[in-house]
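[1] here is a sequence with its predicted model. Questions after.
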Amino acid sequence: MSKFGDLKKFDLNLIKFLNRVSMPALQISLGTIFIWFGVLKVFGNSPANDLITKTVYWFDPDVFIPILGIWEATIGICLLFPSFIRLGLFLLALQMPGTFLPLVLLPEVCFQSFPFDLTLEGQYIVKNLVLIGAAMVVGGRLTPLVEKN
């Protein structure tokens, strides 16, 4: 077999392997992130607590942040169990727009200079685009619901 043939065989095997493990890996990583970040909020240890407090100043942070943490942990748990993925994606879709509020309400905290020079807080927020994209991939691979007769 030629070197190119060996490369093609390796490539095909790698693609087959990735097709087999990528969706479970994505679900587990998304679930883990949401559970981890959520639990940090529940116990008052999230580095985002100050940003959340400044952004949603109309809510008592001692009540709102733990509720948000429970919401996020619930998203994560749902993403780990196939029967609950749809619920998790729904909860994620409701939660995600709020994560971008600081970009609008607190631009001085999110940007060193608008629009490209993000602060650490701004980077923390913008990374949510990857979480949204990953959630879309998970949702796009669901089996459609069928009507039972």
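    Here it is on my side, so go on.
[2] residues touching I52, list them.
    Residues in contact with I52 (CB atoms under 8 Å, 6 or more residues apart in numbering) are K41, S46, P61, F64, I65, L68. Quick note: C-beta positions are derived from backbone N, CA and C, even for glycine.
[3] what about the fourth one, which helix or strand?
    Read it as F64. Using DSSP states H and E, F64 sits within helix 61-80.
[4] quickly note the distance from I28 to T143.
    19 Å (CB to CB, to the nearest Å).
[5] quick one: buried residues of stretch 58-73?
    Buried residues in stretch 58-73, defined by neighbour count with 16 or more other CB atoms under 10 Å: P61, I65, L68, G69, W71, E72, A73.
[6] err, stretch 92-104, not the other one
    Of all the residues in stretch 92-104, those buried under the rule 16+ other CB under 10 Å are L92, Q95, T99, F100, P102, L103.
[7] output that stretch as CSV, restricted to C-alpha atoms.
    Output in CSV follows, covering the C-alpha atoms of stretch 92-104 (Å, rounded to 0.1, in the frame of the first residue of the first chain):
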residue,chain,number,x,y,z
LEU,A,92,-30.2,27.2,27.6
ALA,A,93,-32.0,29.2,24.9
LEU,A,94,-33.8,31.2,27.6
GLN,A,95,-30.7,31.8,29.6
MET,A,96,-28.2,32.7,26.9
PRO,A,97,-29.5,36.1,25.9
GLY,A,98,-29.1,37.3,29.4
THR,A,99,-25.4,36.4,29.4
PHE,A,100,-24.8,39.1,26.7
LEU,A,101,-26.5,41.9,28.7
PRO,A,102,-23.2,43.2,30.1
LEU,A,103,-22.0,44.0,26.6
VAL,A,104,-24.9,46.5,26.3
